[in-house]
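Student: Pasted the sequence and its predicted model underneath.
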Amino acid sequence: TMDANIKVLNQTVDNKLSQSTQQMQHQFNQSIGIVKSITEKIVELQETNKQVMSFSEQLKNLEKVLTNQKQRGNLGEAGLQLILENILPPTAYKLQYQFADGDVVDAAIITKEGIIPVDAKFSLDNYHRLINEDNLERREQYEKDFKNDLKKRIDETSKYIKPNQGTMDFAFMFIPAEAIYYDLLINTVGAVKINTRSLIDYAFKERRVIIVSPTTFAAYLQTVLQGLRAFKIEEQTKDIIKRVEGLSKHLDAYNEYFLKLGNNLATTVNTYNIAGKELKKIDKDIIKIANGKEVIEPLQLEKPKNLNE
């Protein structure tokens, strides 16, 4: 019948609507989850972007430091100070040490034998130009400039060697960049082969300057530290010997006065015994006069024994 068909049709439509509603609800929930996940990812990306921007800013600041000669020098001095503070006691070094003639060196290590000057040098301008240059002609010029820079730094460091003002006959030239120091050792700057060994020989043989990096400088300082400890033990030993010598003098003086006291006591006892004998004679004289008995028997004392016997 028509009513039955309409009823079946309505039921079919209701079922379809119900299924569609469920599917829409499921898809809506999935969409919400996707939107939430995307939002979280966006937040994470924003945080990452902030960190990248912060890191980029720090790199820019570092680049400014490394490209500015004065700030680069400050960075080298800070590295030098950090190593000294971590290895040596505060009394074993001075920062910005001023000589009697007015010259100021970045640091001075104080030892028993004398002062060791330490100057922090940081030559990077021509170093970077040499590394990044592909043109052979310009590279040769930068190589020459780089070697001249180092030679000037060596000469500047050598002027702090002042034996007449209490320094040792050598000084440390501190290069705060391990890469540059390593390049000096292997005669290579980046991929460029240059002769830097002659500079190291020139520094030590002609200028008495020892070129050090943070690692090698720390090793040298360990040797200095051992020397300081040995010196401290030596000074303590000298103090002990001095005190023992003082004690020996006091014991000798005490022994001298003790012997004098013994001799004086012996004289006193001897005098006492003689006086006792004389007193006994007097007693006998009195008895003779009075026709009586002896009544006085003086006590006899023994002399103290001679301590030298």
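Tutor: In hand now; what should we look at? For clarity, every value in this text was computed on a predicted model and none was experimentally measured. Residues are numbered from 1 along each chain as shown.
Student: What's the mean pLDDT across the helix or strand hosting Leu184?
Tutor: In this structure, Leu184 is located in helix 178-186 according to DSSP states H and E. For helix 178-186, the mean pLDDT works out to 74.
Student: Which strands and helices lie in contact with that helix?
Tutor: Contacts defined by 3 or more C-beta pairs under 8 Å, 6 or more residues apart in numbering; DSSP states H and E place helix 178-186 against helix 197-201, strand 209-212, helix 214-290. For the C-beta atoms, the positions are set from N, CA and C on the backbone; glycine is no exception.
Student: what's the most buried one of these?
Tutor: Mean neighbour counts were taken over the helices and strands packed on helix 178-186 using mean count of other C-beta atoms under 10 Å, and the top value, a mean of 22, falls to strand 209-212.
Student: Could you chop this protein up by domain?
Tutor: As recorded under automatic domain parsing, the domains making up the chain are 1-67, 70-212.
Student: need the contact list for the nearest residue to Thr215 once chain neighbours are set aside.
Tutor: Nearest residue to Thr215, sequence neighbours excluded (C-beta to C-beta, 6 or more residues apart in numbering): Glu178, at 6.5 Å. For Glu178, the contacting residues are 213-215, taking C-beta atoms under 8 Å, 6 or more residues apart in numbering as the criterion.
Student: okay if I get the domains of the chain as a markdown table plus distance to Val269?
Tutor: Below are the domains of the chain laid out as a markdown table (distance: least, C-beta to C-beta, whole Å):
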| stretch | distance to Val269 |
| --- | --- |
| domain 1-67 | 92 |
| domain 70-212 | 59 |
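Student: Which strand residues bridge the residue lying closest to Ala171 once chain neighbours are set aside?
Tutor: Counting by C-beta to C-beta, 6+ apart, Ala171 lies nearest to Pro117, which is 4.2 Å off, once chain neighbours are set aside. Residues in a beta bridge with Pro117, per DSSP bridges, are Ala108.
Student: got a list of what Pro117 touches?
Tutor: Neighbour list for Pro117: 97, 105, 107-108, 157, 160-162, 167, 171-172 [criterion: C-beta under 8 Å, 6+ apart].
Student: Relative to Asp155, how far out is the closest residue to Thr167 other than its chain neighbours?
Tutor: In space, not counting the residues next to it along the chain, Thr167 is nearest to Ile115; the distance is 4.7 Å by C-beta to C-beta, 6+ apart. Noted for Ile115: a distance of 20 Å to Asp155, by C-beta to C-beta, to the nearest Å.
Student: what about these two, which has more around it?
Tutor: For Ile115 versus Asp155, the count of surrounding residues by other C-beta atoms under 10 Å is larger for Ile115: 23 against 14.
Student: In contact with that one, which residues are there?
Tutor: For Ile115, the residues meeting the contact criterion (C-beta under 8 Å, 6+ apart) are 97, 108-109, 166-168.
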